[in-house]
Each structure stands twice: as structure tokens, then as C-alpha cells.
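Chemist: Sequence first, predicted model second:
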Amino acid sequence: MNDSPTPDTPTAAGRAFAWGIGVVLIVGLAVVGWVGVRGALAVAHLAAAQHTVRAAMAGAGDLSAASTALDAVRRDTSEARALTGDPVWSLAAALPWFGPQLAAISTTTATLDDVVSTGLEPLAAAASDLSATALRPKDGAFDVARIASLRPLAATASARLRSAEATLSLIDTGPLLGPLRDAVVQARDLVATASDAADAVDRASRLLPAMLGGDGARSYLVLFQNNAEWRSLGGIVGAMAQIDVQDGRITLADQASSADFPAGLDEPVANLPEEVRDIYDTRPARYIQNVTQLPDFSVGAPIAREMWKRVRGPNVDGVITLDPVALGYILRATGPLTLPTGDELTADNAVSVLLHDVYERYPDPAQQDEFFRVASAAVFAALADGRADPKVLVDALGHAGTEGRLRVWNADAQEQAVLDGTPLQGGLPVADASRTTFGVYFNDGTGSKMDYYLRPDVDVSWCGADSAVLSVGLANDAPDPTTLPSYVTGGGQFGVPPGQVLTGVYVYLPTGAQLEDRSATTEGVPTAFAGGADQGRQVIKWSVRLAPGEQARLLVRVSTPLTAALGADVTPTVDDVTVGSESEGCRLER
């Protein structure tokens, strides 16, 4: 008996094995092809959806346009979700290396699809309703009930978008291929932008009804800052107005200028902390012009309220501040306004008219004050009469708030808490585990209007893993001082020669940061340093005096842990100061 295998047995086994390998390869290639094609299509749909959503967000004030855009977005996100949610895709998502790529894109498509139907569509409807209907007065009054009715919808949209933002933040983009990583990152940015917008609508629906007098009569003090004479929050308080509101109806109750207030009270109206007095003396609590010298508006606003009460009588419910640049933004919504003087105030000329031309035309400060009064009254009348385009007005106020040109303080602590974490509060710079922020605040020491000609620039950069550098530059672009009115140059009455500008630059270091070094490049320009502390932050004061054509630069290096974001809060000036990145920041010049 022959027990040896038959000659054809190995051949049959080999053929079976080869067939098995072939089938596996074919199936594998089919799966890869299936997933690859569907993945590419899904990414294309995501890109189309993100492009359309950005357009929809930009046009959120137009309900029909927003709805049409979101219909297209819904189709794209639905297609992308279907392409990445079939059983073959789910099976492939369990594979090593390849799986995380697929899981990331399927999570992103599903999240965006949910966001569109449960977040963006309600947000577009809420924002559209808020800007296009509720923010246009009817018969002289805003529809307070209409604004309040948006709250449930806005709150839901905000919550769902925050949840989506959290979901996308958990995706590890490290191992992802370039196109997939880009799709996830863009989706994160998009959802974050939408989340911020939803949060703004939510806060507005909670705060505006009360501020518009829906719960009873309210009064607000509006401070108009003059950026031609710098203070930490923008400029000196030159003009003021009291606005009364009830049931959505706004009236201009009173107007005043700094000339109507004592030229320095004998005693401060508030007890400033000792560390604040060491930096700013008691001037912010004795001069109405200086309440904006304090960079924390929650400290300066109550002081302004108390001064107004002592001089004009009423005890207002809140304080609002804005500057001529913000007024220019508002004029985009109202259109040009003709003043009683015959002048036309427009979005393009508001800054030059209010911060330059008025001083050349009216040498008498009383005439200047009257011009400011009629200009602010004209803007108020246009808003109260409903002449402003609601969508453009919302954009203008948002722009002004982002640049720090619009601040709001409510005496009611609960109402003020609605603004927590927003630029409208005007608090000191925030530094935490994710961001490091300097404060850079400019204050005039000349007693002039020469800051109209000063050009600041601010840069920040990391210098290693535990060191940050701040660079602040100033340049005096003023013309020949003999061509300027004495009121503009200051006439040398505070010891600064006409045409020269003395500036105090107050640098607030990030919370917990330690000063390593600081230096100034001045080329013979008079300069000096001082310091102090405010609310746990070290403060450096740099005083510098510049003649026309001169410039100087301050460099400050601190030790502080590396964070994802590095920036600076800067005094709003005539020109918006964009915080840049200083390439040579690690080197301190002496």
C-alpha cells in the first residue's frame, strides 16, 4: 500500500490558495476603490458646503438668500454623509492606519450635516429676523417682544453649534492625509465661526429686550471718545448724551460736553485701589475726560455714571462708549446725514471731520462742542427714526465691538454677566491655557489733539517655548506745527513744545508672566520708564516724546508658558492697529 500523496494534491492546494489570495486582493482593491472614490466625492461635497455656508453667513441678514444657500448646503452635507456612512465604509474604518482617516471624515460629515439642520438653519432664521425686522423701529419703537421671542431658537442653535465644535475638536488630525486634514480643519473653523455668530444672537436676544426698556424705563449714558487725544480705551471723553428708553422707544434726554463738568473735582468720586492710584493717580475719578484712562471699562464706567449723577442729576442704568470711527461704521447703515451747519457727515469723512476739520474751522472750544452735539444728535435721530439698514447696522456694531470701539456696562450685574467674555465688556487682557495676551494702552500727556497724527504699530512673537516678545512702535507724522491751530498742538501749555507729542504707553504683561527684559530704540528721543501692578498683572509705563518725523520703539520680553495663541489688546486709534508677528522679536536692542 502506497501512503504517499498523489502527485496532483499539492497542485490543487496551491491553486486553491492562489485563488483565495486573489479573491482577497480583488475584494481589497474593490473596497479601497469604493472607499477612495466615495471619500473623494465626500470631500468635494464638504468643500462645496463650506463655501456656500460662508456665503450664507455673510448674507444672514437676507432671509431668502440665506434660506436658498442653506438648501444647497443641506444637499451637499447630506450627500457627503451618505457617501461616508455605508456598511463598506464602516467596515474599512476598523482597519489600522486607513481606519482613522475614514473615521475622521465620516465624523466630520455627520457633524456638519447635523449642524446645518439643527444649528445653521435656526441661526440664519434668528439672525435674519433680528436684523431685518426687529431692529427696524416701527412708529418710533423697536419691537421688544419680537427680539425676546428669538431667545429659545438662538439658545438652541448656540448649544448645538458648541456641541459640534467640541466633537470636531476631538479628532486627531496628526495622522491624517493632507486633503483630509484640510477638510477637517476647515470644518472646525467654519463651525467655530458659526458658533460665535450663534452665541452673539443668543446674547442679544437675552440682553436687548431689557436694555430697550421691555421691563421698564431705562436710562443710559453714552460717552463719545476723541481719538485725537488718546486714553487707554480710545480717547478723552469730550461729549456725552443721556438716552432714555421705554417699551422700545428711545429718546435723547440730555447732552453735555466735558466743559460742563468741573475742571477737576477736589475729591475723587470713587475710591480707586492703591495700585491703580500708583499708576494713574486719582485723575480718572476726578476728571470726566479721564474715566477712559482706566483700561478696564467695568471700573471706569461706574465712575462716569457717578460724575453724571453729581453734575446732571439722573442715576443712569448703564454706560456705553464709542468713538468717531464707530460712528463712521454706523453711517454706513444710515447713509449720509446733513447737519444744521450745512455739513454732510458720511461714513468716509466722519473721522476727518470730527477729529481734524472741526478744529481748523472752529477755534473756539465752545463752537467745537456745539458741532459735536449736533453731529451726535443727527446720528441718534437717524437711528431712532429707523433710517438705518438693519443688516448693515448689525455688521457696523459688530465691527466696532471687535475693534474695541464700542463698550457696554450695565449696572445690573445679571445683565452685565450676559456680556462675559465678549469685547464689549472692555476688561483687562485674558491669558489662560490656550492664549497669552498683552495689553497695550496709549495715553496722551501733551494736552493736545496731536494723536491724530501718531501712527502706532504692535507686534508679538514667541521666542522659544517659554518666552514671548512684544514690540510697540510710534511715529509722529504731523505736518509743520506752525500750520496747525494752537488748540491742536496744545500750545506748549503742559511743557511740551508745539508739534511734539508726549505719550504714556502702558504695557500690561500677561497674567503670571515675569519680565525678562525691556528696552527702547529712541535715537535721542526723550524717554523714561516706570511701573506698577493692576489686578495681578505687572504694568510697565514707557513715556516717550516725539517731534514731527521722529519715531521710537519699545521691546518687552517676558517668560510665560507657550500657548496656541499670542496677541495683544491695543487702544483703538484713528487707524485700526493690526497686531502682527515680529520676526526679530527674540533680539532686544539697546
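Modeler: That came through fine.
Chemist: Contacts only, for the residue positioned nearest the centre of the chain.
Modeler: Closest residue to the average C-alpha location of the chain: Thr402 at 2.6 Å, with C-alpha atoms, centre = their mean. Counting by C-beta atoms under 8 Å, 6 or more residues apart in numbering, Thr402 touches Pro423. Yep, even glycine has a C-beta here, placed from its N, CA and C like the rest.
Chemist: I'd like the distance between Val222 and Asp296.
Modeler: 19 Å (C-beta to C-beta, to the nearest Å).
Chemist: Report the residue ranges of every domain in this structure.
Modeler: 14-211, 218-416, 428-581 (automatic domain parsing).
Chemist: Report how many residues lie close to the residue nearest to Gln368 when sequence neighbours are not counted.
Modeler: Sequence neighbours aside, Tyr362 is the residue nearest to Gln368 in space, at 5.0 Å (criterion: C-beta to C-beta, 6 or more residues apart in numbering). Neighbour count of Tyr362, defined by other C-beta atoms under 10 Å: 17.
Chemist: Then Val394?
Modeler: If we define neighbours as other C-beta under 10 Å, then Val394 has 22 of them.
Chemist: Next: Pro262.
Modeler: Count around Pro262 with other C-beta under 10 Å applied: 12.
Chemist: Look up how far Asp266 lies from the nearest residue to it once chain neighbours are set aside.
Modeler: Of all residues not flanking Pro262 in the chain, Val311 sits nearest, at 7.6 Å (C-beta to C-beta, 6+ apart). Counting by C-beta to C-beta, the gap from Val311 to Asp266 is 14 Å.
Chemist: Quick check: end-to-end length of stretch 345-357?
Modeler: 12 Å (C-alpha to C-alpha, to the nearest Å).
Chemist: is it true that Ala382 touches Leu337?
Modeler: Yes: assessed by C-beta atoms under 8 Å, Ala382 is found in contact with Leu337 at 5.9 Å.
Chemist: element containing Arg277?
Modeler: Arg277 is located in helix 274-280, with elements delineated by DSSP states H and E.
Chemist: what stretches of the chain score poorly on pLDDT?
Modeler: Flagging of the chain using pLDDT under 70 yields the residue ranges 1-106, 119-134, 175-180, 582-590.
Chemist: how about a cut-off of 80?
Modeler: 1-136, 168, 171, 173-191, 193-194, 197, 581-590 (pLDDT under 80).
Chemist: does the residue nearest to Pro262 really touch Ala259, like I thought?
Modeler: No: using C-beta under 8 Å, Val311 is not in contact with Ala259, being 11.3 Å away.
Chemist: Show me the helices in the stretch 351-500 of the chain, by range?
Modeler: Assigned by DSSP state H, counting those that start in this stretch, the stretch 351-500 of the chain shows helices spanning 358-361, 365-384, 390-402, 413-417, 486-489.
Chemist: which helices and strands does the last one pack with?
Modeler: Contact here means 3 or more C-beta pairs under 8 Å, 6 or more residues apart in numbering; DSSP states H and E; on that basis helix 486-489 packs against no helix or strand.
Chemist: now do 10 Å
Modeler: When contacts are defined as 3 or more C-beta pairs under 10 Å, 6 or more residues apart in numbering; DSSP states H and E, helix 486-489 packs onto helix 358-361.
Chemist: Can you point out the buried residues in the helix it packs on?
Modeler: Val358, Tyr359 (16 or more other C-beta atoms under 10 Å).
Chemist: Pull that helix out as PDB, backbone CA atoms only.
Modeler: Output of helix 358-361 as PDB, limited to C-alpha atoms (Å, rounded to 0.1, in the frame of the first residue of the first chain):
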ATOM      1  CA  VAL A 358     -13.600 120.900  13.200                       C
ATOM      2  CA  TYR A 359     -10.500 122.300  14.900                       C
ATOM      3  CA  GLU A 360      -9.400 124.200  11.800                       C
ATOM      4  CA  ARG A 361     -12.900 125.600  11.300                       C
END
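Chemist: picking that back up, spell out which helix or strand contains the residue nearest to Pro262, please.
Modeler: Going by DSSP H and E, Val311 is in helix 297-312.
Chemist: Next secondary structure element downstream of that helix?
Modeler: strand 318-322.
Chemist: can you give me the angle the next helix or strand after that next one makes with strand 318-322?
Modeler: Beyond strand 318-322 in the direction of the C-terminus, DSSP H and E gives the next helix or strand as helix 324-334. Inter-element angle recorded for helix 324-334 and strand 318-322: 90 degrees (by axes from the mean of the first three to the mean of the last three C-alpha atoms, to 10 degrees).
Chemist: Please state the backbone phi and psi of Leu168?
Modeler: Leu168 adopts backbone torsions of phi -70, psi -30, taken as degrees, to the nearest 10.
Chemist: Show the contacting residues for it.
Modeler: For Leu168, the contact set (C-beta atoms under 10 Å, 6 or more residues apart in numbering) comprises 104, 107-108, 111-112, 115, 184-185, 187-192.
Chemist: If we use 6 Å, what do you get?
Modeler: Remark: with contacts taken as C-beta atoms under 6 Å, 6 or more residues apart in numbering, Leu168 is in contact with Thr111, Arg188, Val191.
Chemist: repeat for Ala465
Modeler: Ala465 neighbours (C-beta under 6 Å, 6+ apart): Leu562.
Chemist: quick one, phi psi at it?
Modeler: According to degrees, to the nearest 10, Ala465 has phi -90, psi -10.
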